[in-house]
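**Q** 3D, please:
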Amino acid sequence: MRKNQINRKNKPSHRSRRFLKNLFGRFFWYLLPLYLIFCCVDYALPHQTQALRSWAESRISDAEFLLTGETSKSEPFSKGSENYDVSDFEVHFLDVGQGLSVFVRSGEQTLLYDGGDRDTSSFVVAYLKQQQVESLDYVIASHYDADHINGLIGALHVFPAETIMGPDYTHESDTFDSFCQAVESQEKEVIHPSPGDCFPLGKGFFTVLAPEKEYEDSNNNSIVLRLVCGDTSFLLTGDAEAESEEDMCFSGMDLSSDVLCAGHHGSSTATTELFLSVVQPAYGIISAGKDNEYGHPHSETLQRLKAYGAEVLQTSRLGTIVFSSDGNTLTWSSFR
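**A** Predicted coordinates for the structure are as follows:
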């Protein structure tokens, strides 16, 4: 008898089953129109819905962190973690003419992303010494074009590097060979990170977003980084162009960033509307030489950045641009 009573308690009554059935039916008919509307919008405006998905995923993760103290993101340092001190988080966009070089300091750790071309290699080394750098925790070649790695070669001959990264492809040039020799001189190997890989940087961190695969155009093989400092973030894209940008937009990773270093020196082949709709930058940094032969930055890129409300800062006009973050707000200055 007791066994039958237990079974009746565990088994829903006829009235309960009918209630649940009616409840499910109501929700189904309420949600079906919303689902159909979303499908129509997704078909007509795929770029905007992708941005909405990225925003929603970020908000869900934030809510998860607030409720549980944990997050399902692969990022190792979440905003709001204990003893979060980022008062000295700085990102320096060096004035290296028609090239790119970005120096990052967070706490006691440092990162050098690209080093410009040969004619500014000594400037990069001198600048790092001026910043009292004795060694580098990360040296990262976005890709292997001369205007990005010549300065890294000079830096590797002066500063010991803990970790050296570069994309997984080879480049037939004397510059690439010299880069490999500089790495070997430190008895290191080049690490090829994958999208989604995260690395600590002081009390902040950075996430690798690209390249998703090996592309025919070596510019699209650029390693793309998202630097995070509390509620502030920076996106470094090397020479990544439209094809790589599109793959990043549909990767499901968080691309939203306050500061975007525009790809390929402000070329019209990068910084697409799709990419900007997902990143939503407040600032657009363009590293290019004054009156360069390529016409960088192109007017189309400047117009797109302006249309999305980004303030454009150019090294050709301002010189070296330095951003500082306390984890909540950004300030910037420039000098020549």
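**Q** check contacts around Ile223.
**A** When contacts are counted by CB atoms under 8 Å, 6 or more residues apart in numbering, Ile223 is found next to 140-143, 165-167, 193, 208, 210-211, 238. In short, each C-beta sits where N, CA and C put it, glycine included.
**Q** swap the cut-off to 7 Å and go again
**A** Contacts for Ile223 were tallied using CB atoms under 7 Å, 6 or more residues apart in numbering; they are 140, 142, 165, 167, 193, 208, 210-211, 238.
**Q** Repeat that for Gly166.
**A** Applying CB under 7 Å, 6+ apart, we find Gly166 in contact with 141, 144, 190, 192.
**Q** so how far is Asn219 from Leu330?
**A** 28 Å (CB to CB, to the nearest Å).
**Q** oh sorry, the question was meant for Val279
**A** Taking CB to CB, one finds Val279 at 18 Å from Asn219.
**Q** How about the secondary structure of Asn150?
**A** Per DSSP: H, G, I helix; E, B strand; the rest coil, the local secondary structure of Asn150 is helix.
**Q** Contact partners for Gly252?
**A** Counting by CB under 7 Å, 6+ apart, there are no residues that Gly252 touches.
**Q** any idea how far Ser277 is from it?
**A** Per CB to CB, Gly252 is found 15 Å from Ser277.
**Q** and if you look at Arg105?
**A** 31 Å.
**Q** same question, Glu184
**A** From Glu184 over to Ser277 the distance is 43 Å, taken as CB to CB.
**Q** same check, this time on Ser173
**A** 36 Å.
**Q** Show me which of the two is the more surrounded one.
**A** More neighbours sit around Ser277 than around the other of Ser173 and Ser277, counting by other CB atoms under 10 Å; the figures are 18 against 13.
**Q** Now do the domain split for this protein, please.
**A** If you go by automatic domain parsing, the domain ranges for the chain are 2-68, 89-335.
**Q** and among the ones you listed, the most buried is which?
**A** domain 89-335 (a mean of 20; mean count of other CB atoms under 10 Å).
**Q** so Phe230 makes contact with Asn328?
**A** No, residue 230 isn't Phe; it's Gly. Yes: Gly230 lies in contact with Asn328 (CB atoms under 7 Å); the separation is 6.0 Å.
**Q** Skipping adjacent residues, who's closest to the residue nearest to the spatial centre of the chain in space?
**A** The centre of the chain sits closest to Arg226, judged by CA atoms, centre = their mean, with a distance of 2.3 Å. Spatial nearest neighbour of Arg226, excluding adjacent residues (CB to CB, 6 or more residues apart in numbering): Thr207 at 4.8 Å.
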